[in-house]
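Peer 1: how does the following fold in three dimensions:
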Amino acid sequence: MPRPKRSSPILQHAEQREASLQSISLELDLGNNLTIRSYSSLIDMLRAKIANYNSTLSELDDQARQIKDVEKQLRNLSEQMLLGVAAKYGKNSSEYGKAGGVPKSERRRPTRKQSTAASNAEL
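Peer 2: Next up, the predicted model:
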């Protein structure tokens, strides 16, 4: 599942404010370094940071998909390797056990639980 991309309500609000301030003057200077140019510069910086962040998320999503694909391949190869050992040495061999399989002679039979109705009937 891809990660949700980020947007910024603060950026949207600032873009609207920038458009309103530009309607006053394109070279508005309110003193103390409060200019349209510095305001626009910071808006552009935030826009670039968000774009970079969203791009990085897309790359991470792609890498996660690649990892899952390789995991699937490795799981299949592991199973084939175990089956290969079983074919060569048998499922009851020590080699099969060393490879991670459970030899037939060591498998436990599942025990069935009695249902409550059957156990009540016996009492």
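
Peer 1: rest of the way, CA atoms for contacts and neighbours
Peer 2: Noted.

Peer 1: can you list the weak-confidence ranges in the chain?
Peer 2: 115-123 (pLDDT under 70).

Peer 1: could you say which helix or strand holds the spatially most central residue of the chain?
Peer 2: What sits nearest the mean C-alpha location of the chain, by CA atoms, centre = their mean, is residue 64, with 5.5 Å. Under the criterion of DSSP states H and E, residue 64 resides in helix 36-89.

Peer 1: same for that helix, what does it pack against?
Peer 2: helix 9-24, helix 94-98 (3 or more CA pairs under 8 Å, 6 or more residues apart in numbering; DSSP states H and E).

Peer 1: one more time with 7 Å
Peer 2: Where contact means 3 or more CA pairs under 7 Å, 6 or more residues apart in numbering; DSSP states H and E, helix 36-89 is packed against helix 94-98.

Peer 1: residue 94 is in contact with residue 105, correct?
Peer 2: No. Taking contact to mean CA atoms under 7 Å, the distance of 10.5 Å between residue 105 and residue 94 leaves them out of contact.
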